[in-house]
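1. Okay, predicted coordinates and the sequence, questions at the end:
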Amino acid sequence: MAVTIRDVARASGVHVSTVSRTFSAPHLVNADTRNRVLAVAEQLGYRPNRAARGLTTGRTHNLGLIVADIANPFFPPLIKAAQAHARARDYHVFVADTDEDPRVEEELIQAFTKQVDGVLLCAPRLGDRALARLRRQVPFVLVNRRLDGVPAVLMDVGHGARLAVEHLAGLGHRRLALLSGPEGSWNSGRIREAAADAAAAAGAELTVIGPNSPTEQGGQIAAPEVARAAVTGVLAYNDLVAIGLVEGLAELGVRVPADLSVVGVDDIMQARLNRPKLTTVAMPTIAAGRTAVDMLLQLVGTDEPGPAALTVLETTLVVRESTAAPVEGRAARLSSREVT
């Protein structure tokens, strides 16, 4: 026969309500008592009935996690970290992909409203007004997006972009390009602002090319325009765009880094496998996933939430093989080539 909550209460020497609180509101139970009840429950093989507990607490113990593109290698480490961190706190995570479509994003948020206690929104594409309206339907935490009044975890991509431009300028590059991201990308705006400031401080020119699809294909498509732009160094919106750019430039006979230096953003696994290995801005995705779960659980467990929390995680520059000092006159020679 299945072990019941009464069996655990009897074996623990406590009331049934204490066992119930141990699983539904552990912070209300004395630590010694809580540990004893959990040990007995584990020994007996007791598992609380989530549906029944949900009727009592009004909680599902489920979280939603919505990402812009699950095929982008940037997201899986964040997803796995969030799932493991939530599971350790007796929560399950449902993952959904918007395919970079803000309409799908809104539909998913609304679909999750009755199924989860809160939602993690990673790199959302919806506008500020839509997000402000939707947060009244379900609690959520933003990852890599800032909106007044909404808790957020930010990976400081602006700092990373400044490091990237300073690195290129330090090698001697004075004509730079930025391959921006898709329209509606908050991160792309931060990268653009920071790169422009850093370029101006270094006395370098910055040409912005975009918007671009945040994919390898996006980088390949941009390659001819980059080759015509008379630049010697490029900062790409993310590693996928950078890798696609390197591929597209190679097809045009442009060598990286001998002819052109390229820096990406994210430090995905492919950045280390690419040839040349990609210089990139490393993003703390695992820490972001864990921090966002903690922030969301604090939010859904508070009847009277205080000021919206904000955590900013540091980014770093990882220098590999795709950047080098420019050769004098090479930018002019590249731009004069027959490029289609």
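-> Thanks, I have it.
2. what are the bridge partners for V153, then?
-> V143, T311 (DSSP bridges).
3. what sits against it?
-> V153 sits next to 141-144, 288, 291-292, 295, 311, 313 when contact means CB atoms under 8 Å, 6 or more residues apart in numbering. C-beta here means a position set from N, CA and C on the backbone, and glycine is covered the same way.
4. at 10 Å instead, please
-> 78, 120, 122, 141-145, 284, 287-296, 309-313 (CB atoms under 10 Å, 6 or more residues apart in numbering).
5. The helix or strand hosting A39 packs against which elements?
-> Under the criterion of DSSP states H and E, A39 resides in helix 31-44. Using 3 or more CB pairs under 10 Å, 6 or more residues apart in numbering; DSSP states H and E, the elements in contact with helix 31-44 are helix 5-12, helix 16-24.
6. The shortest one to helix 16-24, inter-axis angle?
-> So that's helix 5-12. Orientation check (axes from the mean of the first three to the mean of the last three CA atoms, to 10 degrees): helix 5-12 against helix 16-24 gives 100 degrees.
7. got the angle for helix 5-12 vs helix 31-44?
-> Using the same axes, to 10 degrees: helix 5-12 against helix 31-44 is 120 degrees.
8. For helix 5-12, what does the pLDDT average out to?
-> Helix 5-12 comes out with an average pLDDT of 91.
9. again, but for the longest one
-> Helix 16-24 comes out with an average pLDDT of 84.
10. what's the most buried one of the helices and strands packed on helix 31-44?
-> Of all those, helix 16-24 has the most neighbours on average by mean count of other CB atoms under 10 Å, namely a mean of 19.
11. So what touches that helix?
-> For helix 16-24, the surrounding residues in contact (CB under 10 Å, 6+ apart) are 4-12, 14-15, 27-30, 33-38, 40-41, 46-50, 52-54, 56-57, 59, 61, 90.
12. centre of the chain versus that helix, how much separation?
-> 36 Å (CA atoms, centre = their mean, to the nearest Å).
13. Pretty sure L252 sits against V246.
-> No: using CB atoms under 10 Å, L252 is not in contact with V246, being 11.0 Å away.
14. Can you show me the strands along this protein?
-> Taking DSSP state E as the test, the strands found in the chain are 62-67, 92-97, 118-122, 140-143, 152-155, 175-179, 205-209, 233-236, 261-266, 279-282, 310-313, 316-318.
15. Export only the CA atoms of the second one, formatted as CSV.
-> Output of strand 92-97 as CSV, limited to C-alpha atoms (Å, rounded to 0.1, in the frame of the first residue of the first chain):
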residue,chain,number,x,y,z
HIS,A,92,9.5,21.5,-11.9
VAL,A,93,10.3,23.7,-14.9
PHE,A,94,8.3,23.7,-18.2
VAL,A,95,10.4,25.1,-21.1
ALA,A,96,9.0,26.8,-24.1
ASP,A,97,10.5,28.4,-27.2
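16. by contact count, what packs against it?
-> Using 3+ CB pairs under 10 Å, 6+ apart, strand 92-97 sits against strand 62-67, helix 75-87, helix 102-112, strand 118-122.
17. most neighbours per residue, which of the strands of the chain?
-> strand 233-236 (a mean of 32).
18. Q110 - how many residues pack around it?
-> 12 (other CB atoms under 10 Å).
19. same check, this time on A123
-> 25.
20. what's near enough to touch it?
-> Neighbour list for A123: 66-69, 72, 74-75, 78, 98, 100, 142-145, 181, 184-188, 214 [criterion: CB under 10 Å, 6+ apart].
21. again, 7 Å this time
-> If you count contacts by CB atoms under 7 Å, 6 or more residues apart in numbering, A123 has them with 68, 143-145, 187.
22. would you list these in TSV and tack on pLDDT and distance to A325?
-> Converted to TSV, the contacts of A123 look like this (pLDDT from 0 to 100; distance: CB to CB, whole Å):
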residue	pLDDT	distance to A325
A68	93	36
V143	97	36
N144	95	32
R145	95	36
N187	93	29
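23. R272: which of the helices and strands packed on strand 92-97 is closest?
-> Proximity to R272 (CB to CB) singles out helix 75-87 among those, at 13.4 Å.
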